[in-house]
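Colleague: Requesting a structural model of the entry that follows:
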Amino acid sequence: MAVAEGQEPAIEVKSIGKAFGFGAASIKALDDLTLSIPRGCVYGLLGPNGAGKSTLLRIIAGLVRPDRGGVSLFGEEAGPQSRRRIGMLIESPSFYPFLTAREHLEMFARQAGTIDRVAPVLSRVDLVRAADKKVSGFSLGMKQRLGIACALVSQPEAVILDEPTNGLDPDGILEMRALLLDLARREGITVLLSSHLLDEVERVCDRVAILRRGRLAAEGAVAELLDRQGRFWLKVDEPERVMHALAGRGEPGEGGLFVRVEEAEVPDLIRTLAVAGIRIHEAKWVKPDLETVFLSQTREVAP
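Modeller: As a prediction, the model looks like this:
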C-alpha cells in the first residue's frame with residue numbers, strides 16, 4: 001500500500017539514547033538513534049547481537065524508558081493512548097498454561113472491543129484446530145502463532161514483531177511471509193520486525209535499518225541498498241592485462257574479475273576495453289544479497 005505524500009510516518013524514533021549501568025561500567029545500548037518508519041510498509045530491523053534491536057523495540061513498546069530522545073506514533077507522542085493503536089510481540093510470548101488459545105484471544109479482544117475478530121484471527125494464523133486446546137500442550141511454533149494472533153486481534157494500525165518466525169517450520173515460515181505481506185499490502189498495516197533470518201527479511205521487507213553498536217549503520221529501501229553495493233563482473237581473455245589497466249580497481253573472483261566501478265560508468269569501461277583489443281566473453285552487474293550488505297556494515301575491523 002502506497003503511503004500518501006505528506007502523511008505522518010507510523011513510527012518515529014528521535015535521537016534515542018539508552019545506557020544500562022552506571023559510570024565506567026555502563027553499557028551504551030542506543031546512541032543518538034533516529035529512524036522514520038513509513039505507514040503501510042514492512043520494515044526490518046537488523047543487527048548483530050548487542051546492536052540494540054531489542055532495546056529499541058522495548059522503548060517503542062513502552063517497556064523501557066530512554067535516557068534521552070523520544071518516540072512518536074502516528075504523529076503523536078508515544079503514550080498509553082497512542083500505543084493502543086499498535087500490536088506487539090516482543091521476544092518470546094508467555095501465556096497462561098491452563099487457558100486455551102481462544103480464551104487468550106478473547107481476553108485481549110474484550111479489552112479492545114474486537115471480540116468479533118477472534119475467529120478470523122485464529123484462522124489467519126492457522127490455529128483453528130488447536131483453538132480450544134490448553135496452551136500447556138503447544139509447541140514453540142504454535143505459541144509463536146498465538147503470540148502473533150494476540151498482536152493482531154485488537155485490529156492495530158501497526159504491529160511490532162520480534163523474531164516472528166522463531167520456532168516455525170519451513171511451511172510455517174512461508175505462511176508467515178504471506179501473512180506479513182498481506183497485512184501491509186492489503187490492509188495497510190505497518191509491520192516493524194526484527195529478525196536474524198536475512199533471506200526472509202530480503203524477501204518480505206520494503207525497507208531495513210541495520211544497527212551496529214546502538215547506532216544506525218545503514219538504512220533504506222532493500223532494493224536501493226542492494227544496488228548501492230553491486231559489483232561489475234567480467235570474463236576476459238587477458239585478465240592480468242586488464243588488472244594492470246584497472247590500476248587496483250579489479251580483483252579476481254568467480255572465474256573472472258570483479259571491478260569497482262559505478263554502474264553508470266560500465267558502458268565506457270566496456271568500450272575502452274574493446275578499443276584496447278580485450279576480448280570480453282561475459283559482463284554483468286552482480287547484486288549482492290542482504291547478507292553481504294549486512295556483513296559489510298556490521299563486521300568488526302581488526303585494528
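Colleague: Strands of the stretch 51-200 of the chain, start to end?
Modeller: With DSSP state E, counting those that start in this stretch as the criterion, the stretch 51-200 of the chain has strands at 68-73, 76-77, 86-89, 158-162, 190-194.
Colleague: strands paired with the first one, and their directions?
Modeller: For strand 68-73, the pairing partners within the sheet under DSSP bridges are strand 11-20 (antiparallel), strand 76-77 (antiparallel).
Colleague: which one of those lies closest to G69?
Modeller: Evaluated over the strands paired with strand 68-73, closeness to G69 peaks at strand 11-20, with 3.8 Å, by C-beta to C-beta. Yep, even glycine has a C-beta here, placed from its N, CA and C like the rest.
Colleague: now the angle from that closest one to strand 190-194?
Modeller: 30 degrees (axes from the mean of the first three to the mean of the last three C-alpha atoms, to 10 degrees).
Colleague: what about L45, which SS state?
Modeller: strand (DSSP: H, G, I helix; E, B strand; the rest coil).
Colleague: If you tally nearby residues, what's the number for it?
Modeller: 26 (other C-beta atoms under 10 Å).
Colleague: Show me what it is bridged to.
Modeller: Applying DSSP bridges to L45 gives these bridge partners: S194, A209.
Colleague: Please name the residues that touch the residue nearest to the spatial centre of the chain.
Modeller: For the chain, the residue nearest the mean C-alpha position is G44 (1.3 Å; C-alpha atoms, centre = their mean). Contacts for G44 were tallied using C-beta atoms under 8 Å, 6 or more residues apart in numbering; they are L193, S194, S195, V201, V204, C205, R207, V208, A209, V222.
Colleague: isn't S139 right up against G167?
Modeller: Yes: counting by C-beta atoms under 8 Å, S139 does reach G167; the two are 7.1 Å apart.
Colleague: so where's the stretch 1-150 of the chain uncertain?
Modeller: Scanning the stretch 1-150 of the chain for pLDDT under 70 picks out 1-7.
Colleague: can you rerun that using 50?
Modeller: Under the criterion pLDDT under 50, the flagged ranges of the stretch 1-150 of the chain are 1-5.
Colleague: Counting neighbours, go ahead and name the busier of S139 and G167.
Modeller: Between S139 and G167, counted using other C-beta under 10 Å, G167 has the larger neighbour count: 16 against 12.
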